[in-house]
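> With the input below, show me the fold.
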Amino acid sequence: MNLRELTKHDVAAAVKGGSVFASGGGGWVDHGLEIGNAALAVGRPKLVSVDELPDDAIILTCTAIGAPAGTGWQMLGKDYIKAVELVIERYEGRIAGVMTPQNGMSSTINGWLPAAALGLYVVDATGDIRAHPTGKMGSLGIASRTDFETIQAVAGGKPENGTYLELVVAGSPAQTSNILRTAADMAGGFIAAARHPLPAKHIREHAAIGGISRALALGEAILGAEPGGPERVLETIVRHTGGKLLVRGRVSRKDVRYAGAFDIGTIEVAAPRRKPVVLHVMNEYMAVDDGAGKRLSTFPDVIATFSLETGAPVSVGHLREGQDVAVFVIDRSLIPLSAGVTDPTVYPEVEQALGIPLLRYALDDGKVKAHGR
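This next block holds a predicted model:
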């Protein structure tokens, strides 16, 4: 079997590349480095292509659920491991590997620690190349299935505050996902999770294949460019991804609120000689409009903000009014799209929360390609 043993350098690259695909969310840099290095301290996580696994090998998705601006949460390394163990205890069969539902500042590394601790593979596939707000968007095409019973588990919170909880739920993907979102809110805003034991054949046909490798390769390019300063970093990201800088400007208004384990609102970026562009936020950047209300970019495009001072991605939670930033997008035609983001049923709740249309921009313009590679 062709395996890649993940190293400390890979942890740094995964966080760098994942931070671009984070699209304003996807966790935190410090948390990603902490969990990644913890994985190396307890074992030797190994990255494997899903093509290397038999069709019936069961793969589990490891993630964290909540809103980055939530306060009072606590997710320790043991919580990620515990969530996987809870599913293993309930599932009648052997789990062979773990994957992440999305790339991000820490979410690219979601499964590395449980994999190292429990002797599982890290599978080179993602439920979405970029980060997204709802579990349904990373659920590999099963989000709307009422005939499919899944298992999901969470662990996390602060025992000293009485907010720590462990929970295992079985049922339809939609119902169980809603329950876990409530659990995240009760635990302080974020919680470690494991979900959806699925065979490798399903992953191969419905995931964004090679999602981890893409983050690692982008991270390698960023690490190589950083000695040249912020402009070199931005140029490298644009060249490596095929993306483009929509606008350079200053954050003129930030109106983002925490509600039910989501960060929801808008951010305006003002540039010389034009009206401010508006970024619509639900944990991550979901759309960008120009000053006249014309749509410039929509999920599942990658949408990110970079500090012009450092060249590093800036998350929604760390963006501040008066900050000079660049707004960057990668068109969805340039990335593999999973069945989770080409499923029209995952859009209505996000559209309702944001009060803007997404689906008609996201899926009907002829740029969506087949799932996977």
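> Look up which helix or strand Val256 falls in, please.
Secondary structure from DSSP states H and E places Val256 in strand 244-259.
> same thing with Ala96?
Going by DSSP H and E, Ala96 is part of strand 95-100.
> Which elements pack onto that strand?
strand 58-66, helix 77-90, helix 112-118, strand 121-126 (3 or more Cβ pairs under 8 Å, 6 or more residues apart in numbering; DSSP states H and E). Heads up, the C-betas are built off the backbone N, CA and C, glycines and all.
> now it: mean pLDDT?
Average pLDDT, strand 95-100: 98.
> thinking again about what came up before, pull out the buried residues from the strand holding Val256.
246-251, 254, 256, 258 (16 or more other Cβ atoms under 10 Å).
> ok, so of those residues, who is nearest Arg232?
Comparing the buried residues of strand 244-259 against Arg232 with Cβ to Cβ places Arg248 closest, at 15.7 Å.
> returning to what we had before: return the member of the buried residues of strand 244-259 nearest to Gly156.
Tyr258 (17.2 Å).
> Show the pLDDT at the closest one.
Looking at Tyr258, the pLDDT reads 83.
> hang on, it packs against Asp185?
No - between Tyr258 and Asp185 there is no contact under Cβ atoms under 8 Å: 9.5 Å.
> Just give me how far the strand holding Ala96 sits from the chain centre.
16 Å (Cα atoms, centre = their mean, to the nearest Å).
> now stretch 50-61
The answer for stretch 50-61 is 21 Å, by Cα atoms, centre = their mean.
> same check, this time on stretch 174-186
17 Å.
> Next: stretch 224-231.
Distance of stretch 224-231 from the chain centroid (Cα atoms, centre = their mean) equals 25 Å.
> got it, and stretch 278-290?
On Cα atoms, centre = their mean, the centre of stretch 278-290 falls 15 Å from that of its chain.
> Only the buried residues of it, if you could.
278-289.
> do the same with stretch 262-272
Per 16+ other Cβ under 10 Å, stretch 262-272 contains these buried residues: 262-269, 271.
> Between those residues, which sits nearest Ser139?
Phe262 (17.0 Å).
> so what's the nearest residue to that closest one once chain neighbours are set aside up against?
Spatially, and ignoring its direct neighbours in sequence, Phe262 is nearest to Ala67 (5.0 Å; Cβ to Cβ, 6 or more residues apart in numbering). Contacts for Ala67 (Cβ atoms under 8 Å, 6 or more residues apart in numbering) come out as 189-190, 258, 261-263, 283.
> do Asp79 as well
155-156, 191-192.
> 6 Å instead?
Neighbouring residues of Asp79 by Cβ atoms under 6 Å, 6 or more residues apart in numbering: 155-156, 192.
> now Val11
Applying Cβ under 6 Å, 6+ apart, the residues contacting Val11 are 36-37.
> ok, now with 10 Å
32-40, 45, 108-109, 112, 216, 219 (Cβ atoms under 10 Å, 6 or more residues apart in numbering).
> number of nearby residues for Phe306?
Per other Cβ atoms under 10 Å, the neighbour tally for Phe306 reads 23.
> let me fix that: Gly104
Under the criterion other Cβ under 10 Å, the count of neighbours that Gly104 has is 37.
> State whether Gln352 is indeed within a strand.
No - using DSSP: H, G, I helix; E, B strand; the rest coil, the assignment for Gln352 is helix, not a strand.
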